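Undergrad: A predicted structure for the sequence below; I have some questions about it.
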Amino acid sequence: MRSSPDGRRRVLLFDVDGTLVHAAGAGRRSLERVLLAELGRIDGALAGLRLDGMTDRLIVREVLAALGRPFDDALCDRVLDAYVEVLRSEIEGPGFRVLPGVAELLADLAGEGAVLGLCTGNVPEGARLKLRRGGLDAYFEWGPSAIAGFAPDGEARERVLRAALRRGAERLGALRPSDALVIGDTPRDVAAARAEGVPVLAVATGRFAAGELRDAGADAVLPTLEGAAASLLAWAAGRGPLPGA
Ligand SMILES: [Mg+2]
């Protein structure tokens, strides 16, 4: 593991959808199938939602609200468990792709001993299935002690990020918010990072343009993650600014 000159370790926390991979609607299709089976009708409630940057539990809550149904935790847990089972096949559908530069970036970062984590609104197994489809899951740790935040950590992305920071601190001894970096593709990633005092690198490979991400308050913005390894490694070592700053 690389340390910065002052001995502190820096952690890179990646979002999944729109940042590392494009799942081509597999998550939405899976959730639609499960909600339809569970509720009998969904009346296009999911179609009207912009899911980008939303956590999975929040998506379920909003669909239920749109249908005038009360939210309940047991129902949400059941829906998300079933969702993962459907996603196993849906993720194999056409259109899935690893986003530009991501495979090389993760290989380079891991090869240099950078500390890689996840900060995503996916449930853990959903994130794992999406990353496995792209051959990227082995770059991340899984299980309760992994430096990561997922949907079960809270409906608001801020809570997901806080969980990732807490697990990072448990693993590394200490982790200041300024020693973590959120890498995400939506204004929601940016807002959560800013709320927690974590720097944020936004990448315009999702639905949002660079200008929108800059306006949202990102510290740095890149069109893609292509060629970002050297400067991200320099930042992680405390020796350089963020790429795209
Ligand atoms: Mg995303």
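TA: Thanks, I have the structure now.

Undergrad: alpha carbons only for contacts and neighbour counts from here, please
TA: Fine.

Undergrad: Run through the helices of this protein in chain order.
TA: With DSSP state H, the ranges of helices along the chain come out as 26-39, 56-66, 73-90, 102-111, 124-133, 157-172, 187-196, 210-215, 229-236.

Undergrad: now for those, which one comes closest to Leu242?
TA: Closest to Leu242 of the helices of the chain is helix 229-236 (C-alpha to C-alpha; 5.9 Å).

Undergrad: which helices and strands sit right next to the closest one?
TA: With contacts taken as 3 or more C-alpha pairs under 8 Å, 6 or more residues apart in numbering; DSSP states H and E, helix 229-236 sits against helix 102-111.

Undergrad: In the helix it packs on, which residues are buried?
TA: By neighbour count on 16 or more other C-alpha atoms under 10 Å, the buried set for helix 102-111 is Val102, Ala103, Leu105, Leu106, Asp108, Leu109, Ala110.

Undergrad: Same check on stretch 122-137?
TA: 122-131, 133-134, 136.

Undergrad: again with stretch 136-146
TA: Within stretch 136-146, judged by 16+ other C-alpha under 10 Å, the buried ones are Leu136, Tyr139, Phe140, Trp142, Ala146.

Undergrad: Let me have those residues in TSV, extended by pLDDT.
TA: Formatted as TSV, those follow (pLDDT from 0 to 100):
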residue	pLDDT
Leu136	98
Tyr139	98
Phe140	98
Trp142	97
Ala146	97
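
Undergrad: out of those, which one sits closest to the ion?
TA: Within the buried residues of stretch 136-146, proximity to the ion (C-alpha to the ion) peaks at Leu136, which comes in at 15.7 Å.

Undergrad: Next, work out how far apart the closest one and Ala156 are.
TA: With the distance defined as C-alpha to C-alpha, to the nearest Å, Leu136 ends up 26 Å from Ala156.

Undergrad: which residues sit in contact with Ile91?
TA: Ala23, Ala26, Gly27, Leu129, Lys130, Arg133 (C-alpha atoms under 8 Å, 6 or more residues apart in numbering).

Undergrad: pLDDT at the residue in the chain that the ion sits nearest to, what is it?
TA: With C-alpha to the ion, the shortest gap between the chain and the ion falls at Asp17, namely 4.1 Å. We have a pLDDT of 97 for Asp17.

Undergrad: And for Ser3?
TA: At Ser3, pLDDT is 59.

Undergrad: Could you dump the buried residues of stretch 122-137 into TSV with distance to the ion added?
TA: As requested, these are exported to TSV (distance: C-alpha to the ion, whole Å):
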residue	distance to the ion
Asn122	9
Val123	13
Pro124	14
Glu125	16
Gly126	13
Ala127	11
Arg128	14
Leu129	15
Lys130	12
Leu131	13
Arg133	17
Gly134	16
Leu136	16
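
Undergrad: can you put these in JSON lines and add distance to Ala174?
TA: Below are the buried residues of stretch 122-137 laid out as JSON lines (distance: C-alpha to C-alpha, whole Å):
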{"residue": "Asn122", "distance to Ala174": "26"}
{"residue": "Val123", "distance to Ala174": "26"}
{"residue": "Pro124", "distance to Ala174": "24"}
{"residue": "Glu125", "distance to Ala174": "27"}
{"residue": "Gly126", "distance to Ala174": "29"}
{"residue": "Ala127", "distance to Ala174": "26"}
{"residue": "Arg128", "distance to Ala174": "26"}
{"residue": "Leu129", "distance to Ala174": "30"}
{"residue": "Lys130", "distance to Ala174": "30"}
{"residue": "Leu131", "distance to Ala174": "28"}
{"residue": "Arg133", "distance to Ala174": "33"}
{"residue": "Gly134", "distance to Ala174": "32"}
{"residue": "Leu136", "distance to Ala174": "27"}
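
Undergrad: Tell me the residues on the chain that lie near the ion, please.
TA: For the chain, the residues in contact with the ion (C-alpha under 5 Å from the ion) are Asp17, Gly18, Gly53.
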